[in-house]
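> Here is a sequence with its predicted model. Questions after.
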Amino acid sequence: MQFKDIVGHGALKQSMIKSINDGRISHAQMFLGAEGSGALPLALAYIQYLFCADKGENDSCGKCSQCHRIGRLSHPDVHFVYPVALSKEKGVEKSSDLFREWTEAFLNDPYFSLADWMDFIGAENKQPTIAVEESKDILHKMSLMAMEGNYKTMIIWMPERMNNQTANKLLKLLEEPPDKTLFILVSESSQMLATILSRTQLTKVLRCAENEIADAIIQQHGLAPEIASAIAKASEGNYRLAQMMVKGEVDAEFNMQRFQAWMRVCLNMDGLKLSEWINEVASIGREKQKQFIGFAIKTIRQSILLGLNYPTGINPIDQDFLNKFSPFISYENGAQIAEELNSAYYAIERNAHTKILFMSVSIKIHNYFPQRKKSA
Ligand SMILES: [Zn+2]
């Protein structure tokens, strides 16, 4: 994890780098930041910069063996503690029992939330806890010699999930730390033992700036600037939320293209183009097909409203197509097409044969269209 992979926080990154280069490394630190602020990836980027064998002025090199192993979460001197759902049946009583899952979740999205993590380990309805068993493990890991002769480090994610017994044991360790150890507590809430807070050096990780989120999603997903800035505004500095909105937006764009192509084919009933379209949609899988059908129903409804001159809240990018398309959709045939799509949705859920299903729905839609008009 390099600093450059984390959205925003330019000044904070510089001050972290400076403190490391000046040798001012507090052995117990608290990174306090709201969900989606990037506090967890920042903690890892900080450790990576500390360990990097070929540090640059502004970032770790990302290439040396230290960087490489830290990036894969497989460095023997970088440990993680995080809440888990305790389970006797599954043999889960501490973080290391779920380390494989933790690595997978983090590498998939370092901005993941506590709720995402609980979903990921199939424990949506359980209490995330850092239990007392964990404290033995912490003590054990941090008392060993550093494998590489440098620091032994530990990131404790969501320390507010420790019960008092665990927190008190950790407190002892923070008061009398073994030599060359570094603890970074990464928290979303300052609601925890005051004694722990008072033992740590506090770094506040603010919410990401709107323009930084907008730039990041334009760069990564190629969204139009006005859409990116609307998403950035709505995300309120939570990059995880922005990413989720982007995903919806990107799917909507794909779905709109797919919908336009389909309606053209249905209007003109070009057999070759229809079979190409069906092959494409058959390849996207049932979940996406269902999403697409949902999108198509919504768009048909918008077209009905547009024909009746009701305000529809249509995205301006789609307005042009819908202006041309809505004359083909009356209240009556629109309702019939929506009904047909609705049945198709349930047929997909019941594992209908996709190609046959889309062929039959396409022919029905063609027949619902006014027959004399032949282009859109
Ligand atoms: Zn490096």
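Received it, and whenever you're ready, just let me know what you need. Owing to the predicted nature of the structure, the values given are computational and were not obtained by experimental measurement. Numbers count the residues shown, from 1 in each chain.
> going forward, measure contacts between C-alpha atoms and count neighbours the same way
Fine.
> Which positions in whichever strand or helix holds C266 come out as buried?
Using DSSP states H and E, C266 sits in helix 239-268. Using 16 or more other CA atoms under 10 Å as the test for burial, helix 239-268 gives 239-243, 245-246, 249, 251, 255-256, 258-260, 262-268.
> Also stretch 52-60?
52-53, 55, 59-60.
> got the phi/psi numbers for T153?
Per-residue torsions, T153: phi -120, psi 150 (degrees, to the nearest 10).
> Could you double-check that it sits in contact with P178?
No: in this structure, T153 is not within contact of P178 by CA atoms under 8 Å, at 11.1 Å.
> And the two? Which one has more around it.
Using other CA atoms under 10 Å as the criterion, T153 and P178 rank with T153 on top: 22 against 16.
> Would you agree L341 is in contact with I293?
Yes: with contact defined as CA under 8 Å, L341 reaches I293; the gap is 6.4 Å.
> contacts with the ion among the buried residues of stretch 52-60, please.
52-53 (CA under 5 Å from the ion).
> With pLDDT as extra columns, can I get the buried residues of stretch 52-60 in TSV?
Formatted as TSV, the buried residues of stretch 52-60 follow (pLDDT from 0 to 100):
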residue	pLDDT
C52	96
A53	96
K55	96
D59	97
S60	97
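> quick one: which of the buried residues of stretch 52-60 is nearest to the ion?
C52 (3.7 Å; CA to the ion).
> returning to that earlier point: show only the entries of the buried residues of stretch 52-60 found in strands.
Among the buried residues of stretch 52-60, no member falls in strands (criterion: DSSP state E).
> which one of the buried residues of stretch 52-60 is nearest N333?
Checking these against N333 with CA to CA, the nearest one is D59 at 60.1 Å.
> Which neighbours do T153 and P178 have in common?
M142 (CA atoms under 8 Å, 6 or more residues apart in numbering).
> Okay, now the unreliable bits of the protein?
124-125, 149, 250, 311-317, 372-376 (pLDDT under 70).
> domain parsing for it?
3-206, 208-234, 242-368 (automatic domain parsing).
> Can you measure across the shortest one, start residue to end residue?
I take that to be domain 208-234. 12 Å (CA to CA, to the nearest Å).
> Now do the strands in the stretch 151-300 of the chain.
Secondary structure of the stretch 151-300 of the chain by DSSP state E, counting those that start in this stretch: the strands cover 152-157, 181-187, 201-205.
> between these, which gets nearest to I363?
It's strand 152-157; of the strands of the stretch 151-300 of the chain, that one is closest to I363 (CA to CA) at 55.2 Å.
> and the angle for that closest one with strand 181-187?
10 degrees (axes from the mean of the first three to the mean of the last three CA atoms, to 10 degrees).
> shouldn't I70 be in contact with M1?
Yes: if you go by CA under 8 Å, I70 and M1 touch, sitting 7.3 Å apart.
> where do the contact lists of these two overlap?
44, 48.
> These two: which has the busier surroundings?
M1 (26 against 23).
> residue contacts, that one?
So, once contact is read as CA under 8 Å, 6+ apart, M1 ends up touching 41, 44-45, 48, 62, 67, 70-71.
> and it, how far is that from the ion?
Going from M1 to the ion by CA to the ion, to the nearest Å gives 10 Å.
> the strands in the stretch 1-150 of the chain, which residues?
Going by DSSP E, counting those that start in this stretch, the stretch 1-150 of the chain shows strands at 28-33, 78-81.
> Serialize the strands of the stretch 151-300 of the chain to CSV and add fields for distance to G8.
Below are the strands of the stretch 151-300 of the chain laid out as CSV (distance: least, CA to CA, whole Å):
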stretch, distance to G8
strand 152-157, 21
strand 181-187, 18
strand 201-205, 11
